[in-house]
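A.B. asks: whatever this is, show me its structure:
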Amino acid sequence: MEKQERFARCIFNGFESYFAEFQNITLGARTRFENADWHGMRVASIERIDLYKAKITSVLSVVELIAGEQLGDYAFWSGTKAEYAELIRGHNNFEMAETFYNSVYCAVFKHRKIRDEYAFIFSPHGDMPHPDVSKVVKTYPLNNNLADLLSELFEDYAFHMPYEDIQRDIGRIIEVINSYLAPRFNLDHPNVEFQILEHHFFRNKGAYIVGRIVAGSASMPLVFPIQQNESGEIYIDTVLFGADKCSVLFSFTRSYFMVDASIPSQYVLFLQQLMPAKPISEIYSAMGYNKHGKTYYYRCAHRHMTRTQDQFMIAPGIKGMVMSVFTMPSYDFVFKIIKDRFTPPKDMTHEQVREKYRLVKRSDRAGRMADTQEFTNLAFARERFSDELMEELHEVAPSVIEEHGKALIIKHVYVERRMTPLNLYLQDATEEQVIAVMDEYGNAIKQLASANIFPGDMLLKNFGVTRHGRVVFYDYDEIQPLVDCNFRKIPEPRNEAEEMASQPWYTVGPNDIFPEEFRLFFSGNQRARKVFDEMHSDIYESEFWQGLQERIRSGYIEDFFPYRRKLRFPREANNPQGMS
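C.D. replies: This is a model prediction of the structure:
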């Protein structure tokens, strides 16, 4: 028992150390924002993502010493779990401490025999703490004067640099509230107040004040995005209302926020109240706790499988050359398995594909790449898989699956949000929808490029459309840093033989890319291509891509706004605009 107690305490101390370092990295976000240290912000983001694995590795080396030959004894782990459960009883962040324990267990047993007797598959303390949200919320009652309320709020949330023109910004916000919010929300209620989370959210080059307006039993999510100008002054870029706009801000397609939350569940619960349709797992991940987001996702997935009966099926759309994808009609996620052999002309290894997914996890996703959760040895009920899907898996990925009685074990799988493939979306789209989604498609390509990501295979089938109408890239096997590409024009043929040749008569290097060939991505959908060409034909020119490369190499970091540009306040001092 003494050894198990020391073993449990070692893991717990590892968690405390991890969480403290995570907090320290996060606490630097405010200073990095005030110093306009955008490169430092990016480095810190990657450092924080990498921290978890480093801490698990460190703890593993010590627990191996403590446990000795009992390290692989399941009975030993069962007793250790009981000791650990007592250690974290009443802990403010017990749910994440459980996830850390699970990670150590999985590292020892290579994700095999994951049972509730040995690890915290389900928590004896509940899914998450029941925090007092009021402790992390500042309240501003509306006493008939909105300008005074906003002045007090922005003074409380000020930085160590001046506002560019706070009275101008307050005037714009009031104008939007009067024109957009007042007709939809009872601001004449006797008890109206602004409830604002106590700390800013930081990501990329922006800071965000997040909260809600409450009038009796009614409430409206509210976000103030803050930007910094070239003179080091800050300004309110716009005001966002409603669950949908808040949900896009915390999207699974964006990098993780940095926010000073000593008890993250308090923030998670408040944010979930703002965005009831957003899974709690995604909110944890959006705040940087992606490992616990994975735990929470697994628990919710297990419950979904238990209360439903529909079968897994091959996901709609054109089958991929590298991945086999399946889902179920009642489920909002897809499962992606790397095939044993790739369809020609794909020529890469399994490890190279995994490295692409790691690159996406650590990159700025710019709102255009889906975050994924990676699982090893994930168990399913075999009866839930359709005959067609099982035939597919046995054909393309037999090495990845194992059948044990009624269980089907998938040795390696990625899980991500389900979207409508762009090529399928276009089949039934109206003219107005085609215009909107093709503009989104072009913007997605350009924003990824600005984030130093070249998608590679930009076929329509490799992009999805979210419920908010945003276009997102989800086929990562050919991505690479934009600066590693060599964008060229196709040389003019020098004679008739070269002009009529069926194969390129000029040399092509491994990183050579010819943007003129991108028109081929619209094969079979000329309606979409025509619309795209009217808005984004510049991507067919090598000069466009070379210009982006020059900006990136010069150290410029692009702004990625998690809201429509038309919602931004104009930079001119006397030309306010409202929501559109």
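
A.B. asks: list the contacts of stretch 203-210.
C.D. replies: Identification of contacts with stretch 203-210 by Cβ atoms under 8 Å, 6 or more residues apart in numbering yields 33, 36, 38, 41, 153, 157, 159, 196-197, 200-202, 222-228, 234, 237, 246, 249, 254-258, 271, 274, 364, 557, 559-561. Every residue, glycine included, has its C-beta placed from N, CA and C.

A.B. asks: which residues touch Ala407?
C.D. replies: Going by Cβ under 8 Å, 6+ apart, Ala407 touches Ala379, Phe380, Ala381, Arg382.

A.B. asks: can I get those in TSV including pLDDT?
C.D. replies: Listed next are the contacts of Ala407 as TSV, based on pLDDT from 0 to 100:
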residue	pLDDT
Ala379	91
Phe380	93
Ala381	93
Arg382	94
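
A.B. asks: narrow the residues you listed to those in strands?
C.D. replies: Ala379, Phe380, Ala381 (DSSP state E).

A.B. asks: neighbours around the first one, how many?
C.D. replies: Okay, so that is Ala379. 14 (other Cβ atoms under 10 Å).

A.B. asks: between the contacts of Ala407, which is nearest Arg470?
C.D. replies: Each of the contacts of Ala407 was checked against Arg470 using Cβ to Cβ; the closest is Phe380, at 30.1 Å.

A.B. asks: show me where this structure dips below the pLDDT cut-off.
C.D. replies: Residues of the chain meeting the criterion pLDDT under 70: 1, 498, 572-580.

A.B. asks: would you map out the domains in it?
C.D. replies: Listed by automatic domain parsing, the domain ranges of the chain are 2-109, 133-303, 308-418, 422-540.

A.B. asks: which outside residues touch stretch 296-305?
C.D. replies: Looking at what lies outside stretch 296-305 - Cβ under 8 Å, 6+ apart - the contacts are 95, 121-122, 127-128, 279-281, 284, 330-331, 333, 373, 375, 380-381, 384, 415.

A.B. asks: out of the residues you listed, which are buried?
C.D. replies: By neighbour count, with 16 or more other Cβ atoms under 10 Å, these hold Glu95, Met128, Pro279, Ile280, Ser281, Tyr284, Phe333, Gln373, Phe375, Phe380, Arg384, Val415 as buried.

A.B. asks: now those residues as a markdown table including secondary structure and distance to Val176?
C.D. replies: Formatted as a markdown table, the buried ones among the contacts of stretch 296-305 follow (DSSP: H, G, I helix; E, B strand; the rest coil; distance: Cβ to Cβ, whole Å):
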| residue | secondary structure | distance to Val176 |
| --- | --- | --- |
| Glu95 | helix | 38 |
| Met128 | coil | 35 |
| Pro279 | coil | 30 |
| Ile280 | helix | 30 |
| Ser281 | helix | 32 |
| Tyr284 | helix | 31 |
| Phe333 | strand | 36 |
| Gln373 | strand | 37 |
| Phe375 | strand | 44 |
| Phe380 | strand | 48 |
| Arg384 | helix | 48 |
| Val415 | strand | 38 |
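
A.B. asks: could you dump those residues to CSV with distance to Ala207?
C.D. replies: Shown next, in CSV, are the buried ones among the contacts of stretch 296-305 (distance: Cβ to Cβ, whole Å):
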residue, distance to Ala207
Glu95, 27
Met128, 26
Pro279, 25
Ile280, 24
Ser281, 25
Tyr284, 21
Phe333, 31
Gln373, 28
Phe375, 34
Phe380, 42
Arg384, 45
Val415, 31
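
A.B. asks: return the member of these nearest to Tyr267.
C.D. replies: Tyr267 lies nearest to Tyr284 out of the buried ones among the contacts of stretch 296-305, by Cβ to Cβ, at 9.5 Å.

A.B. asks: any idea how far the closest one is from Ala243?
C.D. replies: Computed as Cβ to Cβ, to the nearest Å, the Tyr284 to Ala243 distance reads 18 Å.

A.B. asks: thinking again about what came up before, and Lys566, which of the domains of the chain is closest to it?
C.D. replies: Nearest to Lys566, of the domains of the chain and by Cβ to Cβ, is domain 133-303 at 9.6 Å.

A.B. asks: now do that closest one: distance from first to last residue.
C.D. replies: Taking Cα to Cα, to the nearest Å, domain 133-303 runs 26 Å from one end to the other.

A.B. asks: what comes into contact with stretch 338-351?
C.D. replies: Taking contacts as Cβ under 8 Å, 6+ apart, the residues outside stretch 338-351 that touch it are 321-324, 353-354, 396-400, 412, 477.

A.B. asks: can you verify Ile196 is assigned to a strand?
C.D. replies: Yes. Counting by DSSP: H, G, I helix; E, B strand; the rest coil, one finds Ile196 located in a strand.

A.B. asks: use 31 as the first number for this chain going forward.
C.D. replies: Sure thing, new numbering starts at 31, so read that last one as Ile226.

A.B. asks: chain neighbours aside, what residue packs nearest to it?
C.D. replies: Gly241 (3.5 Å; Cβ to Cβ, 6 or more residues apart in numbering).

A.B. asks: beta partners of the one you found?
C.D. replies: Under the criterion DSSP bridges, Gly241 forms beta bridges with Ile226, Leu252.

A.B. asks: re the thing from before, list only buried entries from the contacts of stretch 233-240.
C.D. replies: Buried, going by 16+ other Cβ under 10 Å: 63, 66, 68, 71, 183, 187, 189, 226-227, 230-232, 252-258, 264, 267, 276, 279, 284-288, 301, 304, 394, 587, 590-591, out of the contacts of stretch 233-240.

A.B. asks: nearest spatial neighbour of Ser572, skipping sequence neighbours?
C.D. replies: For Ser572, the spatially nearest residue (Cβ to Cβ, 6+ apart) is Phe517, at 4.3 Å.

A.B. asks: quick one on the thing from earlier: for the ones in strands among the contacts of Ala437, which one is nearest Ile207?
C.D. replies: Ile207 has its nearest neighbour among these in Phe410, at 49.4 Å by Cβ to Cβ.

A.B. asks: what sits opposite that closest one in the beta ladder?
C.D. replies: Bridge pairing for Phe410 - DSSP bridges - gives Leu438.

A.B. asks: so what's it up against?
C.D. replies: Contacts of Phe410 by Cβ under 8 Å, 6+ apart are Met335, Phe342, Ala437, Leu438, Ile439, Ile440.

A.B. asks: tell me the one of the residues you listed nearest Leu179?
C.D. replies: Using Cβ to Cβ, the contacts of Phe410 come closest to Leu179 at Met335, 47.4 Å.

A.B. asks: gap between the closest one and Asp542?
C.D. replies: According to Cβ to Cβ, Met335 and Asp542 sit 47 Å apart.

A.B. asks: quick check: closest non-adjacent residue to the most centrally placed residue in the chain.
C.D. replies: Nearest to the geometric centre of the chain sits Phe282, at 3.1 Å (Cα atoms, centre = their mean). Counting by Cβ to Cβ, 6+ apart, Phe282 lies nearest to Asp401, which is 4.7 Å off, once chain neighbours are set aside.

A.B. asks: this completes my enquiry, with thanks.
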